[in-house]
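Q: Sequence first, then the predicted structure:
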Amino acid sequence: MEPTHGPRSTIRRHPERAVPDEVKEILAAGLVAHVGFCEDGQPFVIPMSYHYSPTRPNRLYLHGSRDSRLMRLLASGAAVSIAVTLVDGLVYSRTAFNHSMNYQSVVCFGRARVVEDEVEQRRHFEEMTARYFPGRTLGKDYAPATAQQLAATLLVEVEIEEWSAKARRGGPRGPYDDDPDARGSAGLVPLEPPRT
């Protein structure tokens, strides 16, 4: 079952930028997930590598040290928010207010469970390595994790309950940006497209 759109994932600012059909593509292309959580009333956001596959659309995988505060909290089933952003370009305008950036982003809400099965752990770690380093082969290009390394690492599967995707595309949209006689300059600095 795929995640839904609900009150937590409703886009309120620029709802016309919603791109719900692109959520899986964005998650599959991203490299960094910013993981938000709250502990004892204090909010935290931690950037992490992650694994996502459109074949399991409502699951996202995170891993870290068993001694990590974040991993222990995730293992407890606490609520978590995850954001992934791809920056496509920088937009400059003839007015300070209208400078912007082109981006694609996803925000997810869910809860995690610990992946205990060693075969499943190894499969997810191998898939994650292949996603970040296409073409590298386990056993040829790198050695498998040892039992001791696996024991020191906690892998969690986040079940995504709600998600939303948003994107900004195009050039500058300031009030003078289309006027060639206006003072200043306007344009777009494209950034290298994300790896897909």
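A: Received it, and whenever you're ready, just let me know what you need.
Q: doesn't residue 28 fall inside a strand?
A: No - in this structure, residue 28 is helix, not part of a strand, as judged by DSSP: H, G, I helix; E, B strand; the rest coil.
Q: Residue 57 against residue 28, yeah?
A: No - taking Cβ atoms under 8 Å as the contact criterion, residue 57 and residue 28 are not neighbours in contact, 9.7 Å apart. Where C-beta positions appear, they are placed from N, C-alpha and C, glycine not excepted.
Q: If we go by neighbour counts, what in stretch 163-180 is buried?
A: For stretch 163-180, the neighbour count (16 or more other Cβ atoms under 10 Å) marks 163, 164, 165, 166, 167, 168, 171, 172, 174, 176, 177 as buried.
Q: farthest pair in these?
A: Of all pairs drawn from the buried residues of stretch 163-180, the one with the longest distance (Cβ to Cβ) is 163 and 176, at 37.1 Å.
Q: circling back to that earlier point, put together JSON lines for the buried residues of stretch 163-180, with pLDDT, secondary structure and distance to residue 20 on each row.
A: As requested, these are arranged in JSON lines below (pLDDT from 0 to 100; DSSP: H, G, I helix; E, B strand; the rest coil; distance: Cβ to Cβ, whole Å):
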{"residue": "163", "pLDDT": "94", "secondary structure": "strand", "distance to residue 20": "8"}
{"residue": "164", "pLDDT": "94", "secondary structure": "strand", "distance to residue 20": "7"}
{"residue": "165", "pLDDT": "95", "secondary structure": "strand", "distance to residue 20": "6"}
{"residue": "166", "pLDDT": "96", "secondary structure": "strand", "distance to residue 20": "9"}
{"residue": "167", "pLDDT": "96", "secondary structure": "strand", "distance to residue 20": "11"}
{"residue": "168", "pLDDT": "95", "secondary structure": "strand", "distance to residue 20": "15"}
{"residue": "171", "pLDDT": "92", "secondary structure": "coil", "distance to residue 20": "24"}
{"residue": "172", "pLDDT": "92", "secondary structure": "coil", "distance to residue 20": "26"}
{"residue": "174", "pLDDT": "93", "secondary structure": "coil", "distance to residue 20": "28"}
{"residue": "176", "pLDDT": "92", "secondary structure": "coil", "distance to residue 20": "33"}
{"residue": "177", "pLDDT": "92", "secondary structure": "coil", "distance to residue 20": "29"}
